[in-house]
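Asks: Just the structure for this:
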Amino acid sequence: MVRMSEDEDGIRNRVQSAGEKAAADIAQALISSPAFGQVVSAVVVAREKAGEAQRAAMGALNVSSQDEADRLERRLRVLSERLEESEDRLDRALAEVRGLNSEIESLKAPAAGSAKPKSATRSSAGSGKGPAKTKKATKAKD
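Replies: So this is what the prediction gives:
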């Protein structure tokens, strides 16, 4: 049983070596062949021309290319980030305004409480009503 696995490993190694040698020989033959070099060059040129033709056709149909779509996607990401930053600043400003309004209201509350007794004192003395009656009386006399 041990002998069988050794034989299998030996066969596998020989087949693998032969396959690697054959692949290396084919690659060397292709690289050294001037016809293969010309074919590769022609394929590269044809690919570039096909890409240009595709971009021209898409432009004529008013369809965006992948590059334009990628550029637009990047711009949208930047705008989205700016919008988020603006929303955050607006939220902070709103919180500040609310805080300031609370402070103003808290400052008004004691002042409003002390103003009521003063107005009650004036109305009981009649000082606030006197000039108003005088103006009405003056207009009625004219």
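Asks: Tell me which other helices or strands the top helix by length along the chain touches.
Replies: Scanning the chain for the helix with the most residues, using DSSP state H, yields helix 66-125. In terms of contacts (3 or more C-beta pairs under 8 Å, 6 or more residues apart in numbering; DSSP states H and E), helix 66-125 is packed against no helix or strand at all. (Each C-beta comes from the backbone N, C-alpha and C, glycine too.)
Asks: On the three-state scheme, residue 62 is what?
Replies: Secondary structure, DSSP: H, G, I helix; E, B strand; the rest coil: residue 62 is coil.
Asks: packing partners for the one helix or strand residue 35 maps to?
Replies: For residue 35, the host element (DSSP states H and E) is helix 34-60. Packed against helix 34-60 by the contact rule (3+ C-beta pairs under 8 Å, 6+ apart) you find no helix or strand.
Asks: what's the distance between that helix and the middle of its chain?
Replies: Averaging C-alpha positions (C-alpha atoms, centre = their mean, to the nearest Å) puts helix 34-60 36 Å from its chain's average.
Asks: list the buried ones in it?
Replies: Residues of helix 34-60 include none that count as buried (16 or more other C-beta atoms under 10 Å).
Asks: That one relative to helix 66-125, how many degrees between them?
Replies: Here the directions of helix 34-60 and helix 66-125 differ by 40 degrees (axes from the mean of the first three to the mean of the last three C-alpha atoms, to 10 degrees).
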